[in-house]
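Asks: Please work out how this folds:
(chains A and B)
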Amino acid sequence: GAGVSQSPSNKVTEKGKDVELRCDPISGHTALYWYRQSLGQGLEFLIYFQGNSAPDKSGLPSDRFSAERTGGSVSTLTIQRTQQEDSAVYLCASSRGPAGIQNTEAFFGQGTRLTVV
Amino acid sequence: GDSVTQMEGPVTLSEEAFLTINCTYTATGYPSLFWYVQYPGEGLQLLLKATKADDKGSNKGFEATYRKETTSFHLEKGSVQVSDSAVYFCALIDDYKLSFGAGTTVTVRA
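Replies: Prediction:
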């Protein structure tokens, strides 16, 4: 597609429910990132995919968070048993190059605003 | 690990004023440096970048120079407009991970 697409754009869920957030990267982009932006905070790295594998999951806050990527394309971030502190904007980005190509640009989606009530 | 520290806001300016947002970084390697901007209601987009020491990135009247000796990448614009009101993020990439500063909210008054 023309850009990184994320869905849904907004999600309100009850505490304790599971949610799935979807990211469609730019076609041909092998690298994919998930970030979290909490109110008044910067961007917190969650996970990095190169192709279908995730060599860096170090930013996932707890075992309630997981992510997968299939076919080297679409990625899903799943949050189980959501808590109110999970409320944030979840951003996805993709870039063309594999790891080690330093000056490739990362393109961001519009984000999914998650509200846990 | 790699990190980015940028000037905290919010910053409020009058139109045509000079803007500078300080950014310093810590990295073990030789990172590329970026400024991203997030306009109200929009997604994050790349404003400018520099890939090696002494490079100057520029776009839309904004400039930033990669200073290895001071590990800095300060953003400047000589004459801001109301349309420059946004949140600005300094970032670096070393190997594969983009690390961001906390963001600086800039409001330009007419």
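Asks: so which strand or helix has the most centrally placed residue in chain A?
Replies: In chain A, the C-alpha nearest the mean C-alpha coordinate belongs to A:W34, at 3.0 Å (CA atoms, centre = their mean). Using DSSP states H and E, A:W34 sits within strand A:31-37.
Asks: what does that strand rub up against?
Replies: Strand A:31-37 is contacted from outside by A:23, A:25, A:43-50, A:67, A:69, A:75, A:77, A:88-99, A:104, A:106, A:111, B:96, B:98, B:100, using CB atoms under 8 Å, 6 or more residues apart in numbering or on different chains. For the C-beta atoms, the positions are set from N, CA and C on the backbone; glycine is no exception.
Asks: partners of the helix or strand just after it, with directions?
Replies: Reading on from strand A:31-37 to the C-terminus, the next helix or strand found by DSSP H and E is strand A:43-50. Here strand A:43-50 is paired, per DSSP bridges, with strand A:31-37 (antiparallel), strand A:53-56 (antiparallel).
Asks: Following the chain past the helix or strand of chain B with the lowest mean pLDDT, name the next helix or strand.
Replies: One helix or strand of chain B scores below all others by mean pLDDT, DSSP states H and E: strand B:97-100, with a mean of 86. As assigned by DSSP H and E, the chain's next helix or strand after strand B:97-100 is strand B:104-109.
Asks: So for that following strand, mean pLDDT?
Replies: For strand B:104-109, mean pLDDT is 96.
Asks: what's it in contact with?
Replies: So strand B:104-109 is contacted by B:6-15, B:17, B:19, B:21, B:80-89 (CB under 8 Å, 6+ apart).
Asks: Also within reach of chain A: list those from those.
Replies: Restricting the contacts of strand B:104-109 to those near chain A by CB under 8 Å from any CB of the partner chain leaves B:F89.
Asks: In ChimeraX, how would I select the buried members of the contacts of strand B:104-109?
Replies: One line in ChimeraX is enough to select the buried ones among those; burial here means 16 or more other CB atoms under 10 Å in any protein chain shown:
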select /B:6,7,11,13,19,21,80,84,85,86,87,88,89
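Asks: Could you list the contact residues of chain A toward chain B?
Replies: Counting by CB under 8 Å from any CB, the residues of chain A near chain B are A:31, A:33, A:35, A:41-43, A:45, A:48, A:50, A:55-56, A:91, A:93, A:99-100, A:102-103, A:105-111.
Asks: Next, the buried residues of stretch B:45-53.
Replies: Under 16+ other CB under 10 Å, the buried positions of stretch B:45-53 are B:46-50.
Asks: okay if I get the residues you listed as TSV plus pLDDT and distance to chain A?
Replies: As requested, the buried residues of stretch B:45-53 are exported to TSV (pLDDT from 0 to 100; distance: CB to the nearest CB, whole Å):
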residue	pLDDT	distance to chain A
B:L46	92	6
B:L47	96	11
B:L48	95	11
B:K49	93	7
B:A50	92	9
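Asks: hmm, back to that, so which of the strands paired with strand A:43-50 is the most surrounded?
Replies: strand A:31-37 (a mean of 24; mean count of other CB atoms under 10 Å in any protein chain shown).
Asks: quick one: that strand to chain centroid distance?
Replies: In terms of CA atoms, centre = their mean, to the nearest Å, the gap separating the centre of strand A:31-37 from the centre of its chain is 4 Å.
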